[in-house]
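[1] Got a sequence here, can you build the structure:
(2 chains)
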Amino acid sequence: MSDYNFAYLDEQTKRMIRRAILKGLAIPGYQVPFASREMPMPYGWGTGGVQVTAACLTPDDTLKVIDQGADDTTNAVSIRRFFEKTAAVGVTQATSVATVIQTRHRIPEEPLNEDQILVYQVPIPEPLRFLEPRETETRKMHALEEYGLMHVKLFEDISQHGQIATAYAYPVKVEGRYVMDPSPIPRFDNPKMEMSAIQLFGAGREQRIYAIPPYTQVVSLDFDDYPFEASKADGACALCGADHTYLDEVIVDDDGGRMFVCSDTDYCESRRQAGHIGEQGTPYGKDAA
Amino acid sequence: MTPLLDVQNLSKNYGQRIGCKDVSFDLYPGEVMGIVGESGSGKSTLLNCLAGHLEPDSGKVLFDTKTDGLKDTVTMSEPERRMLGRTDWAFVHQHARDGLRMGVSAGGNVGERLMAVGARHYGDIRAQAADWLGRVEIREDRIDDRPTAFSGGMQQRLQIARNLVTGPRLVFMDEPTGGLDVSVQARLLDMIRELVRDLGLSAIIVTHDLAVVRLLADRLMVMKDGHVVETGLTDQVLDDPQHSYSQLLVSSVLQV
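    From the prediction side, this is the model:
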């Protein structure tokens, strides 16, 4: 057994966080203040998400951690190791096997089910922050449902770019009441937020937790004549050939050469395992270089 | 005829000091009321109390709401008061920077109040914004520029457009011409006068510039040390001031 309490945080702290989570679930989209703890990692690396995950984990859970859709980046690997060490839970890279998924900036491509919890890392939970810097004022605006300002941002987008140029952290209205920042996920993922899994959002530095219960209405804000569009790069994954997933653009040489690959590495791999091949891909198992 | 605004014994203290004391007056639809007085006489305190920015210590501010008739804005709920603040009321600040969003384009600034009351059609909002920019003599090709790129006079006119776009019935103005040079002032006054007459607005204008009230106001209220010392028709007060302070005020104006 390790020298840490299960999942690093002490039981009182986890209790406090669970109360915030329950309150958040009871009021979908409402930002619940909580006493965020110092975690052994810098702010911006997912301190909020880690605390929420720690409060949700049980010894029977299987954890998956993704960063921009990938299981193998520094952030994801560090957090996964952190919980392997402090909670001794099982870890996986497969979306369907995981019971708790902590994510930074993506929702997995594979639909989640009722037995799963998706935990988001949130840098700035307040969607109105860059328009109204005063916290007292933004709280009042949430309380009184004064959300006209959110549309001013979209209005500015259209008048400057001819279209709504907000491509990530696209504001949503939850269950017809609170306007919420969905964390910096691409707007391609916004429609997926109406899902059967529980979604929890933790912002460590800003000390806020909020949540979306399963099967909750999540509407992306837009204008009547400029409707919301879940956009992605125009192309198909070069490895697995998928044209319905969110794609990362990878620069491959100095001559403007580029390729698109699925941002969700687990989804891409499972497709290749199933025999799908993109235009630059090789059959699964033969590219071990 | 019911008054649009009925103020009864309004008082506001800052601790021991008096902000304004026992102010009462009526304002009827289409009427423009000027409030003059020296700095520190309680003009702005009074205006902020009327507009709901400050909470008065005692007294009533009855406003003729569209749905319920005369209603005390001091005791009404905050959502209601804020709703009035972006529909039936408008507030023009002395410094345009206080009333504008400096990081948002002129079109966005004008459109904000429309979006705040539920407009969700980009084309309509933009067309209305362009229309209002035209009315305050800002060229339509400046619609996507930020107010930071505007001159002081243009910023002030933009602020007025932003406030009038939702068709308010009562406009509060706090030194609307302060800090502008005289020729720009003259044009701005001309424009405000035209808008007020065209739209049948009621307005309360706080200023220390007697020329402004001479041009715009139907009635005048002179304040000193938080008290109203004289009220009357503008011409009457300016041409035949009764109170010693009003006489001093009128005689202090430089004759060119």
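[2] interface residues of the stretch 151-289 of chain A facing chain B?
    A:151, A:152, A:155, A:156, A:158, A:159, A:160, A:223, A:224, A:225, A:226 (CB under 8 Å from any CB of the partner chain). (Glycine included, C-beta is placed from N, CA and C.)
[3] try it again with 6 Å
    Within the stretch 151-289 of chain A, the residues that sit near chain B (CB under 6 Å from any CB of the partner chain) are A:151, A:152, A:155, A:156, A:158, A:159, A:223, A:224, A:225, A:226.
[4] what's the nearest residue to the closest residue to chain A within the stretch 1-150 of chain B if we skip its chain neighbours?
    As assessed by CB to the nearest CB, chain A sits closest to residue B:116 within the stretch 1-150 of chain B, at 3.0 Å. Distances taken as CB to CB, 6 or more residues apart in numbering or on different chains place residue A:148 nearest to residue B:116, at 3.0 Å, with adjacent residues excluded.
[5] avg pLDDT for the lengthiest helix in chain A?
    Assignment by DSSP state H gives helix A:11-26 as the longest helix of chain A. Averaged over helix A:11-26, pLDDT sits at 97.
[6] again, but for stretch B:232-252
    Computed over stretch B:232-252, the average pLDDT equals 91.
[7] Show me the contact partners of it.
    B:213, B:217, B:219, B:220, B:222, B:224, B:229, B:230 (CB atoms under 6 Å, 6 or more residues apart in numbering or on different chains).
[8] Can I have the buried ones of those as a PyMOL selection?
    Of the contacts of stretch B:232-252, the buried ones can be selected in PyMOL as follows, counting by 16 or more other CB atoms under 10 Å in any protein chain shown:
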select buried, chain B and resi 213+217+219+220+222+224+229+230
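[9] Would you reformat the contacts of stretch B:232-252 as CSV and include distance to residue A:79 and secondary structure?
    Formatted as CSV, these follow (distance: CB to CB, whole Å; DSSP: H, G, I helix; E, B strand; the rest coil):
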residue, distance to residue A:79, secondary structure
B:213, 67, helix
B:217, 67, coil
B:219, 69, strand
B:220, 70, strand
B:222, 69, strand
B:224, 68, strand
B:229, 71, strand
B:230, 73, strand
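[10] Closest one of the contacts of stretch B:232-252 to chain A?
    residue B:217 (32.3 Å).
[11] Is that closest one in contact with residue B:34, as I believe?
    Yes: the pair residue B:217 / residue B:34 is scored as a contact, 3.2 Å apart, by CB atoms under 6 Å.
[12] give the contact list for residue B:226.
    Counted by CB under 6 Å, 6+ apart, residue B:226 has contacts B:18, B:20, B:21, B:42.
[13] Residue B:149: neighbour count?
    Residue B:149 has 11 neighbouring residues, counting by other CB atoms under 10 Å in any protein chain shown.
[14] Buried residues in stretch A:83-97, which are they?
    A:83, A:86, A:87, A:89, A:90, A:91, A:92, A:93, A:95.
[15] Report the contact partners of the first one.
    It stands for residue A:83. Counting by CB under 6 Å, 6+ apart, residue A:83 touches A:63, A:89.
[16] What average pLDDT does the host helix or strand of it get?
    Taking DSSP states H and E as the definition, residue A:83 sits inside helix A:74-87. Averaged across helix A:74-87, pLDDT comes to 93.
[17] Toward the C-terminus from it, list the very next helix or strand.
    strand A:90-91.
[18] coming back round to it: out of the contacts of residue B:226, which are close to chain A?
    Of the contacts of residue B:226, not one also sits near chain A (CB under 6 Å from any CB).
[19] out of these, which is most surrounded?
    Of these, with other CB under 10 Å as the count, residue B:20 tops at 28 neighbours.
[20] for chain A, what are the nearby residues on the stretch 1-150 of chain B?
    Near chain A, when you scan the stretch 1-150 of chain B using CB under 6 Å from any CB, you find B:79, B:104-105, B:107-108, B:111-112, B:115-116, B:120-123, B:144.
[21] show me where chain B has helices.
    Using DSSP H, helices in chain B cover B:43-50, B:78-86, B:96-99, B:106-116, B:122-135, B:152-164, B:182-199, B:210-216, B:234-239, B:244-251.
[22] For residue A:285, find the nearest of those.
    Closest of those to residue A:285 is helix B:122-135, at 51.1 Å (criterion: CB to CB).
[23] Just the buried residues of that closest one, please?
    B:122, B:125, B:126, B:128, B:129, B:130, B:132, B:133, B:135.
[24] How many residues are close by the closest residue to the third one other than its chain neighbours?
    Spelled out, it's residue B:126. Leaving out its chain neighbours, the residue that sits closest to residue B:126 by CB to CB, 6+ apart is residue B:107, at 6.0 Å. Number of residues near residue B:107 (other CB under 10 Å) recorded here: 25.
[25] just checking, residue B:107 touches residue B:143?
    Yes: between residue B:107 and residue B:143 there is a contact under CB under 6 Å: 4.3 Å.
[26] returning to what we had before: who wins on neighbours among the residues of the stretch 151-289 of chain A next to chain B?
    Result: residue A:155 is most packed of these (other CB under 10 Å), 27 neighbours.
[27] In space, what's closest to residue A:218 - neighbours in sequence excluded?
    residue A:193 (4.2 Å).
[28] Just flag the most distant two among the buried residues of stretch A:83-97.
    It's A:86 and A:95 that sit farthest apart of the buried residues of stretch A:83-97, by CB to CB, at 23.0 Å.
[29] if we can go back for a sec, most tightly surrounded among the helices of chain B?
    helix B:106-116 (a mean of 25; mean count of other CB atoms under 10 Å in any protein chain shown).
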